[in-house]
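Novice: Need coordinates for the below:
(2 chains)
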Amino acid sequence: MSEEKKEGAQAAAPQDVGAAADAAPAQPAAKKAKEPMSVSRRSLLIGVGGTAALLGLGALRYAGHVPLNRPPGGQDEAHLVSACIRCEKCYEACPRHVIKPAKIEDGLLGMRSPQLDFSADYCDFCAEENGGVPLCVASCPTEALQLPAGADAHNTIIGLAEIDRKTCLAFRDTGCHFCFDACRDAGYDAIQLDGNGYSPRPYVIEDKCVGCGACESVCVSLQQGSIVVGATERAIVVRPASSL
Amino acid sequence: MKLSKIRTIVAAAVFCVLAVGLIAGINMGTLSGFGFDSFSALCPLGAITTMLATKTLVPRAVFSIIIMALLVFLFGRAFCGWICPVPVLGKLRAFFRSPKKRRELEQAKRDEALDIAKFELGCGGKGGCESCSACKQQRTKLDSRHYVLGGALLSTAIFGFPVFCLVCPIGLTFATVLVFWRLFANADMTVAVVLIPLMLIIELVFLRKWCTRFCPMAGLMNLMGRFSRTFKPVIDDAKCLETSKGTACSRCAMVCEADINLRHPDYGERTLADCTRCNACVDACPANAITMPVVAKRGQDVKLAPNER
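Specialist: Coordinates of the predicted model:
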């Protein structure tokens, strides 16, 4: 078909319009060479290919992803995945910068969806900044982050803190109790010390812990030298509610 | 300065401001959900798919769709020509082409438009030849972008999440900014540093003419753009070289980034429903015959393509 078109082009090439006018009516084929067929075939190909690709991508729903600590209002995992359009507004809205995009390594489906990262700070539902109404929830345009009525920083379970006794400095008799202090300051008192000796050991009271991340954000086990070779996370970390 | 340059600068500036805002946490959102505090103008496709996936009406999403529909009604696909970062990336892509290849592509487009012009003038018609039955090309009401749009909606309905958002090049552009920023600021190394830009490159390089042939957003805007009657380019037949002097020109078709043939609408890959109000045809017209009036006067309206009637 393209050859036909070229021929048409050459025939029409004698440059002045009069010649083209003479040549043109003689070859209605040139018009047909404007490929209505190939255009619609291409549309069909793109349509079928695009739809197949998007359906394949949709099947990721069944592949799922590893459980993640979700920001306030994202505890209904199925709803979050359904509603989140990855607009990235919550990352910006978070005054403490604890919301980050989930990694591909944790599952393609969750990629770029919001996840809590307690490495530098924790989530207090914007108590200071917005009177206890999380700004991420307020700014989420699709209501993917949505708190049920009456939900607050004390009755919304994001996750549960877990202490790794192998890497916890307190279990190495250093007297460290940063997590205990942080939890008390955050107002939960979910970490207690067992009171024995000069280095009391912390433990988590599961009924009180909501997974705010205060303990994880202050844990120094990784910074304080390679106590345990190969440790990749802090000695106290929040495990996602959906994994419990 | 040429308007096409200004357009590129506007789109690049919008992108830069939003990207800096995203990093600095100014909280004005990205193009997927632009707005301050609890106000957001959502991406219309995102708004539709999120509601389809959750099967609930979200006030902000409905509101956003109405606003976007009104904007498209007024300005057509101006978003694509003036704001969207993807065409800017496309220009970057063109920059990396060899000069020879670039010339070849330009020449091909020129030749095609000229052939059409010569042929149509030969037909004796005024920009179109109703008398000659061979010319009645059947243009379907829907094009490939609408099929991709349908596929996106179908997949969302079946699997219950906004599927297209995962691969949307607009979203991926901002995701690239974020993932690079996190790499340098937080030493947050992830496969996404490679994968997200890679997906973007694949879409722009291997899916040629993304905006004209693939983009479901463009398809969505096209559906509304068909009803738009404002700021559309109009040819003054008394000045146009083709109608007044009978010279094959078709510069307007050569420069159109939306693949519209303004002089011979039947032959363009797309119709005026896809006009991005980019002004390229106005700038290119050697006879200054093209204007973009607020509302085209009666009888001055350009010949509508069959699927716009």
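
Novice: is chain B contacted by the lengthiest helix in chain A?
Specialist: Across chain A, the longest stretch assigned as helix under DSSP state H is helix A:36-58. Yes: shown here: helix A:36-58 in contact with chain B (CB under 8 Å from any CB of the partner chain) through A:36, A:39-40, A:42-48, A:50-55, A:57-58. Quick note: C-beta positions are derived from backbone N, CA and C, even for glycine.

Novice: Distance from the very next helix or strand once past that helix to the middle of the chain?
Specialist: Going down the chain from helix A:36-58, the next helix or strand is helix A:60-63, by DSSP states H and E. Relative to its parent chain, helix A:60-63 has a centroid offset of 15 Å by CA atoms, centre = their mean, to the nearest Å.

Novice: which helices and strands sit right next to helix A:60-63?
Specialist: Using 3 or more CB pairs under 8 Å, 6 or more residues apart in numbering or on different chains; DSSP states H and E, no helix or strand is in contact with helix A:60-63.

Novice: What lies in contact with it?
Specialist: If you take CB atoms under 8 Å, 6 or more residues apart in numbering or on different chains as the criterion, helix A:60-63 is touched by A:81, A:107-109, B:159-161, B:166.

Novice: can you pick the most crowded of those?
Specialist: Using other CB atoms under 10 Å in any protein chain shown as the neighbour test, those are led by B:Phe161, with 26 neighbours.

Novice: List the buried residues in the lengthiest helix in chain B.
Specialist: Secondary structure of chain B per DSSP H: the longest helix is helix B:99-123. Applying a neighbour-count criterion of 16 or more other CB atoms under 10 Å in any protein chain shown, the buried positions in helix B:99-123 are B:112-123.

Novice: give me the subset of these touching chain A.
Specialist: Under the cut-off given by CB under 8 Å from any CB, chain A has B:115-116, B:118-119, B:121-123 from the buried residues of helix B:99-123 close to it.

Novice: Of these, which is the nearest to B:Cys43?
Specialist: B:Ile116 (35.6 Å; CB to CB).

Novice: and the gap between the residue in the stretch 201-309 of chain B positioned nearest to chain A and B:Arg103?
Specialist: Taking CB to the nearest CB as the measure, the stretch 201-309 of chain B has B:Gly246 as its residue closest to chain A, at 5.2 Å. Using CB to CB, to the nearest Å, B:Gly246 is found at 29 Å from B:Arg103.

Novice: swap in A:Gly110?
Specialist: Taking CB to CB, one finds A:Gly110 at 46 Å from B:Arg103.

Novice: same question, A:Cys219
Specialist: Distance, A:Cys219 to B:Arg103, using CB to CB: 61 Å.

Novice: ok, now A:Asp173?
Specialist: Counting by CB to CB - A:Asp173 and B:Arg103 are separated by 75 Å.

Novice: Give me the below-cutoff pLDDT ranges for chain A.
Specialist: Low-confidence segments of chain A (pLDDT under 70): A:1-39, A:224-229, A:244.

Novice: Relative to A:Val98, how far out is the closest residue to B:Ala78 other than its chain neighbours?
Specialist: Excluding its sequence neighbours, the residue lying closest to B:Ala78 (CB to CB, 6 or more residues apart in numbering or on different chains) is B:Arg277, at 4.5 Å. Separation of B:Arg277 from A:Val98 (CB to CB): 42 Å.

Novice: just the strands in chain B please.
Specialist: Secondary structure of chain B, counting by DSSP state E: strands at B:33-34, B:41-42, B:234-235, B:290-291.

Novice: Which stretches in the chain count as helices?
Specialist: In the absence of a named chain, this looks at chain A. A:2-11, A:17-23, A:28-32, A:36-58, A:60-63, A:77-83, A:89-93, A:127-130, A:135-139, A:178-186, A:214-218.

Novice: ah, no, chain B please
Specialist: B:3-24, B:44-54, B:59-75, B:78-82, B:85-95, B:99-123, B:144-159, B:169-185, B:192-201, B:216-225, B:251-255, B:280-284.

Novice: ok now the fourth one, how far from the chain's centre?
Specialist: When C-alpha coordinates are averaged (CA atoms, centre = their mean), helix B:78-82 and its chain have centres 6 Å apart.

Novice: domain parsing for chain A?
Specialist: A:59-156, A:159-244 (automatic domain parsing).

Novice: Of the ones you listed, which stretch is the most buried?
Specialist: Mean neighbours per residue, mean count of other CB atoms under 10 Å in any protein chain shown, is largest over the domains of chain A for domain A:59-156, with a mean of 20.

Novice: Quick check: end-to-end length of it?
Specialist: End-to-end distance for domain A:59-156: 31 Å, by CA to CA, to the nearest Å.

Novice: Check chain B for me, the residue farthest from its geometric middle.
Specialist: Distance from the C-alpha centroid of chain B peaks at B:Ala187, with 36.5 Å (CA atoms, centre = their mean).

Novice: Quick check: phi and psi on the residue nearest to B:Ala78?
Specialist: The phi/psi pair for B:Arg277 (degrees, to the nearest 10) reads phi 50, psi 40.

Novice: Identify the residues contacting it.
Specialist: B:75-78, B:81-82, B:231-232, B:292.

Novice: Verify the stated contact: A:Ala144 with A:Leu80.
Specialist: Yes: the pair A:Ala144 / A:Leu80 is scored as a contact, 5.2 Å apart, by CB atoms under 8 Å.

Novice: quick revisit: JSON lines please, covering the strands of chain B and showing mean neighbour count, distance to chain A and mean pLDDT.
Specialist: Listed next are the strands of chain B as JSON lines, based on neighbours: other CB atoms under 10 Å in any protein chain shown; distance: least, CB to the nearest CB, whole Å; pLDDT from 0 to 100:
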{"stretch": "strand B:33-34", "mean neighbour count": "24", "distance to chain A": "4", "mean pLDDT": "88"}
{"stretch": "strand B:41-42", "mean neighbour count": "24", "distance to chain A": "5", "mean pLDDT": "90"}
{"stretch": "strand B:234-235", "mean neighbour count": "21", "distance to chain A": "18", "mean pLDDT": "92"}
{"stretch": "strand B:290-291", "mean neighbour count": "19", "distance to chain A": "21", "mean pLDDT": "92"}
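
Novice: So for A:Thr156, which of those strands sits nearest?
Specialist: strand B:33-34 (23.7 Å).
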